[in-house]
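Peer 1: sequence and predicted structure are below.
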Amino acid sequence: MQRDLYNMFSSKMYGVCLQYCKDQTEAEDCLQEGFIKVFTNIKKYRFEGSFEGWVRRIMVNTTIELFRKKKPITSIDDVVLVKLENETLEEDVSEISREEIFEIVKELPPKYRMVFNLYTLDGLSHKEIAKTMDITVGTSKSNLSRARKWIKDRLTERMDNKESAVC
Amino acid sequence: MLEKSFDKIVKEKLNGIEVEPPAYVWNAINQHMLAEKRRRRVLFYWQSAAAVALVVLSVGIIFFMSDRNVRKKQLAKVENPVTVKGEQPVIEKQKAYVEKNALTPVNTASATIKETESFDTEKITRQSSIGTERQAIGIVTKKSDTSANHPVVNLASETTKEVYLAKMDYLSVSEIEVAVPDVRLVLPEKSISKRPTLYAYNTVMPVYKPKYRKFKFIVGGSASPAYNYRNVSESQYSSVVHNVYDSSTSESGVVSVSGGVNMRVEDKSRWSFETGVLYSQVGQEVSQTTNHNSISGISGYAMASSDNFKRNSLISTNKFNNTMGPIRYNNNTSMGIEQNLHKSGVYLESSVNTFSSQSESTTLKQLLDYIEVPLMVRYSVLNKKPVITLAGGFSTNFLVDNNVYLVENGEYVNAGETEGISGVTYSSTLGLGMELPLGKSIRFSLEPRFKYYLSPVNSKGYNSFRPYSFGIWGGVSFMLNSY
């Protein structure tokens, strides 16, 4: 039973953990701890929403707990909002493969990555993120904009590399 | 807008990304869950045990509390006690018997009690008409007349009575007599420190025919590991140690196993008598540490530990004296040892000139085997579960075997016997027993016992070797029919 559940969800959840954690080792730890929580608390599943969604939430919460333990220090003057200006960005993102996006997101600096994931993938508001991560709303916004900028820069680099390779 | 669009595209791209995790992650999860399962199982057992203990404790408390409440109620029902006046017919005395069970009240009748000539009461009261409720009928004081050793209460009624003795102070069951035929005494669980009050209620219940169980016979078996050593006189010890031993020789105790069957006779009191047939073993160990002498210059022979025996004072002489007595070796012992040594390539030449410093030890075990017939008296200190008893007695020990063993590499070689050992010796035993009844007829017992030989095991006068032993006896016994 446990093995079946693990086989069913482990690949997806490992993908989630890799997105949220800073490296592979941390992701494996989160996956392990997350599944132990799933197996231990499976009776608490209320059949509200999908089971996969419930498992994913446990995994994300596990990564947040770990992030809190190893919380990166963010200075106050770090709060700077950066706007995306490149109008061709949407096209760039569309053209790039999901594996490449995945690799770029995995490389995001931890303080940006967690905010970006919670905002973009989990749909949390800045207020919720601030509360979850024990940071200010301003820091959350700043980290999100910096994450976007960071991803955009990496995308642009990749696009440029591709174009030069074609030429 | 640009940000929203960007986020949406990224989310779509990342949604459903799957990466196969390494196999060891599952192994770690699985091991953790198995360990957790084990931990929960152990926790469950502990919780179950705790729950059972709690239930037992609760039931026990409720039982005792309810019992006390009943007694308090009974005390509260005593109203207008009337002092007995005038002569009342005294019915022939008959000893009451005891039952602890609850009684069944039936019809009403009258009951009076009267102070007998041989019974000195300060105050005896009665209920002229005793109903179906259990009521107080008198207060009994300790007898002051020295001609009888217990107080007597006479109930002047020919009907069957049940007398409830609510308070037992300084009186035990056997100290009360009630002078009404077929009267039951119901005793409280515990003695308390005030004068006893008699309670009674009438019954016309079928006459209870008491079974007089004078004796109970209990047979069983028990066994014990025991540590044995000895007590020797100062002079004997000094003479052996100074004249025979060197600094490398020492004596020590041995561990043996004893066991056998026993039979006990119990009467109605707390005393019982016990006998049986037991096998027991006493003795001591003599060890000698000697230098292991290697020979230089002789090739082809390796020295083994047994090489020392030839030069070892324990076996180098025909007789080796120690505190138990001289050891007489078998005729073939030396030969046998030598043959063994030769077989193992040991050099036996006694004129060895060069030595190494390696040391070896030689051990002799002197053991005396006895068939013991004990006669013990046992007293129940606590007559509950478990029953705690104190036992003491004497045994006659018949010597059945006398051996000296050479212990080498854990193997025992029969080397001879100790001289001058008596055929019969006497010992004393003290024990503190704990018995746990299982049903009506089986009892498990555990008893630490100390045994000391009153007479020395030696027949020759100069030795005074008195063994003693300490063992934990475990056994099971069965109750036979009572008579």
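Peer 2: Arrived safely. Residues are numbered from 1 along each chain as shown, chains lettered A, B, ... in the order given.
Peer 1: any idea of the mean pLDDT in the helix or strand harbouring residue A:99?
Peer 2: Assigned by DSSP states H and E, residue A:99 belongs to helix A:98-107. Mean pLDDT, computed over helix A:98-107, is 84.
Peer 1: what distance separates that helix from the centre of its chain?
Peer 2: In terms of Cα atoms, centre = their mean, to the nearest Å, the centre of helix A:98-107 is set 10 Å apart from its chain centre.
Peer 1: and that helix, which residues are buried?
Peer 2: Neighbour-count burial for helix A:98-107, counted by 16 or more other Cβ atoms under 10 Å in any protein chain shown, picks out A:101-102, A:104-106. Any C-beta I mention is one placed from the backbone N, CA and C, and that applies to glycine too.
Peer 1: just curious, which of those residues is nearest to chain B?
Peer 2: residue A:101 (4.3 Å; Cβ to the nearest Cβ).
Peer 1: so the closest one touches residue B:10, yeah?
Peer 2: Yes - with contact defined as Cβ atoms under 8 Å, residue A:101 reaches residue B:10; the gap is 6.1 Å.
Peer 1: following the helix holding residue A:99, which helix or strand comes up?
Peer 2: Next helix or strand after helix A:98-107 toward the C-terminus (DSSP H and E): helix A:110-116.
Peer 1: that next one: what's the following helix or strand?
Peer 2: Next along the chain from helix A:110-116, counting by DSSP H and E, comes helix A:126-133.
Peer 1: low-confidence regions, chain A specifically.
Peer 2: A:71-93, A:163, A:165-167 (pLDDT under 70).
Peer 1: near chain B, which residues of it show up?
Peer 2: A:2-3, A:6, A:10-12, A:14-16, A:18-19, A:28, A:31-32, A:35-36, A:39-40, A:84, A:87, A:89-90, A:93-94, A:96-98, A:101-102, A:105, A:119-121, A:145, A:148, A:151-152 (Cβ under 8 Å from any Cβ of the partner chain).
Peer 1: so which of those are in helices?
Peer 2: A:2-3, A:6, A:10-12, A:14-16, A:18-19, A:28, A:31-32, A:35-36, A:39-40, A:89-90, A:93-94, A:98, A:101-102, A:105, A:145, A:148, A:151-152 (DSSP state H).
Peer 1: PyMOL command to pick out the buried ones of the residues you listed?
Peer 2: In PyMOL syntax, the buried subset of those is picked out as below (16+ other Cβ under 10 Å):
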select buried, chain A and resi 6+10+12+14+15+16+18+19+28+31+32+35+36+39+89+90+93+101+102+105+145+148+151+152
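Peer 1: okay, buried residues for stretch B:370-379 please.
Peer 2: In stretch B:370-379, counting by 16+ other Cβ under 10 Å, buried: B:370, B:372, B:374, B:376, B:378.
Peer 1: give me the neighbour count for residue B:46.
Peer 2: 10 (other Cβ atoms under 10 Å in any protein chain shown).
Peer 1: so which elements touch the helix or strand harbouring it?
Peer 2: Taking DSSP H and E as the criterion, residue B:46 maps to helix B:23-76. With contacts taken as 3 or more Cβ pairs under 8 Å, 6 or more residues apart in numbering or on different chains; DSSP states H and E, helix B:23-76 sits against helix A:2-20, helix A:24-40, strand B:135-139.
Peer 1: helices and strands around the longest one, which ones?
Peer 2: In terms of contact count using 3+ Cβ pairs under 8 Å, 6+ apart, helix A:2-20 is assigned the packing partners helix A:24-40, helix A:51-69, helix A:98-107, helix A:110-116, helix B:23-76.
Peer 1: kindly recompute the last result at 7 Å.
Peer 2: Contact partners of helix A:2-20 among helices and strands, from 3 or more Cβ pairs under 7 Å, 6 or more residues apart in numbering or on different chains; DSSP states H and E: helix A:24-40, helix A:51-69, helix A:98-107, helix B:23-76.
Peer 1: chain A: which of the buried residues of stretch B:370-379 is nearest?
Peer 2: For the buried residues of stretch B:370-379, the nearest to chain A is residue B:378 (56.9 Å; Cβ to the nearest Cβ).
Peer 1: before I go, just wanted to say thanks for your time.
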